[in-house]
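J.: Need a 3D model of the sequence below.
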Amino acid sequence: MTGVQTCALPISGRIKSSKTLLSRHKAASNIFKFLEESTLQSVRFTDFSYKLSKDQEPEVLMKGTTKSYSSLALQAEEFQKSKKVENITVSSLSLGDGGVVKFNMALVFEPDFIKYKVK
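T.: Predicted coordinates:
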């Protein structure tokens, strides 16, 4: 083998390893972009947590407030329109000060939604 061939083998191995690592990398920023684009102006999220389920599905748990039950229903409907969302659960509904509706919401996204994609 020539010097160029000897040098090329380790580099190609490193490139392959890098591609493998990137294919496993999770990009939670996709979730933030989705929430930014899909959250209605009348809805406020006050708490946020993120985890991967046992099936490696990204799950977001949020607490929020909105001005009415109908506004909450519209928000849930907006999230459900997306093919990225596999499941949505709304729970712990209550009325707060001034008639504000408080709620918890869980969104489960399809696993591929958070896969890192090279642009």
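
J.: contacting residues around the nearest residue to residue 61 once chain neighbours are set aside?
T.: Leaving aside its chain neighbours, residue 61 sits nearest to residue 49 (4.7 Å; criterion: Cβ to Cβ, 6 or more residues apart in numbering). Heads up, the C-betas are built off the backbone N, CA and C, glycines and all. Residues near residue 49 by Cβ atoms under 8 Å, 6 or more residues apart in numbering: 60-62.

J.: Can you show me the helices along this protein?
T.: 3-24, 29-38, 69-81 (DSSP state H).

J.: Kindly format the C-alpha coordinates of the second one as CSV.
T.: Coordinates of the C-alpha atoms in helix 29-38 are reproduced here as CSV (Å, rounded to 0.1, in the frame of the first residue of the first chain):
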residue,chain,number,x,y,z
SER,A,29,-34.5,21.2,19.6
ASN,A,30,-37.0,19.9,17.1
ILE,A,31,-39.5,19.7,20.0
PHE,A,32,-38.9,23.4,21.0
LYS,A,33,-39.4,24.5,17.4
PHE,A,34,-42.6,22.5,17.2
LEU,A,35,-44.0,24.0,20.4
GLU,A,36,-43.0,27.5,19.3
GLU,A,37,-44.9,27.1,16.0
SER,A,38,-47.9,25.2,17.3
